[in-house]
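[1] Predicted model and sequence follow; I will ask about them next.
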Amino acid sequence: MTHHVASMLQTYPKDLGSIDQQKLAECIEACFECAQTCTACADACLAEDMVAELTQCIRLNQDCADVCETTGRVLSRQTGTNVALNRALLEACQAACRSCAEECEKHAGMHEHCKVCAEACRRCEQACAELLASIG
């Protein structure tokens with residue numbers, strides 16, 4: 001997906017300014033990948049026999065998926081960029097990913113989907129941190 005994200009950024013008709021396009025592309029991709037992974041993990045949790053014990057995991061999966069998808073969508077828009085909003089979204093996305101990863105890590109030994117989800121959340125958390133650092 002990075003190829004398409006990066007290609008779209010490169011075709012933008014205006015100057016993108018000083019933003020690190022590679023970090024931006026990586027963050028957008030990580031956000032959408034995490035959103036999909038969290039959605040799938042929540043669904044997999046619902047299919048588990050011990051679903052009642054996974055209530056918090058399901059909730060955090062859904063919250064994280066929503067925050068990641070929204071962050072990826074907003075970061076994809078470069079016309080009239082609102083730096084303060086982007087910063088707030090990136091911080092919220094980091095927090096959602098951290099919470100979801102911590103919860104999924106509790107179940108990773110028993111449920112492979114939680115292990116995969118925790119890894120995706122950690123990647124997204126890191127991508128958000130790197131983009132935040134690059135925008136100062």
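    Received, thanks.
[2] for this protein, what are the low-confidence residue spans?
    Residues of the chain meeting the criterion pLDDT under 70: 1-2, 11-18, 136.
[3] in it, which residue is closest to the centre?
    Centrality entry for the chain: nearest residue to the mean C-alpha point is residue 31, 2.9 Å, by Cα atoms, centre = their mean.
[4] Report the contact partners of it.
    68-69, 71-72, 75, 93, 124, 127-128 (Cβ atoms under 8 Å, 6 or more residues apart in numbering). Bear in mind the C-beta positions are built from the backbone N, C-alpha and C, glycine included.
[5] Now tabulate the residues you listed in CSV and tack on secondary structure.
    CSV is the format used below for those (DSSP: H, G, I helix; E, B strand; the rest coil):
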residue, secondary structure
68, helix
69, helix
71, helix
72, helix
75, helix
93, helix
124, helix
127, helix
128, helix
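[6] from these, which single one is nearest residue 108?
    Checking those against residue 108 with Cβ to Cβ, the nearest one is residue 124 at 16.5 Å.
[7] Tell me how many other residues surround that closest one.
    33 (other Cβ atoms under 10 Å).
[8] Look at the residue lying farthest from the centre of the chain and tell me its secondary structure.
    Relative to the mean C-alpha coordinate of the chain, counting by Cα atoms, centre = their mean, the farthest residue is residue 49 (27.7 Å). Under three-state DSSP, residue 49 falls in the coil class.
[9] Distance of it relative to residue 110?
    11 Å (Cβ to Cβ, to the nearest Å).
[10] show me what contacts residue 44?
    Contacts of residue 44 by Cβ under 8 Å, 6+ apart are 111, 113.
[11] Now do the SS call for it.
    Residue 44 - assigned by three-state DSSP - is helix.
[12] now stretch 64-73, how far from the chain's geometric center?
    Put simply, stretch 64-73 sits 6 Å off its chain's centre (Cα atoms, centre = their mean, to the nearest Å).
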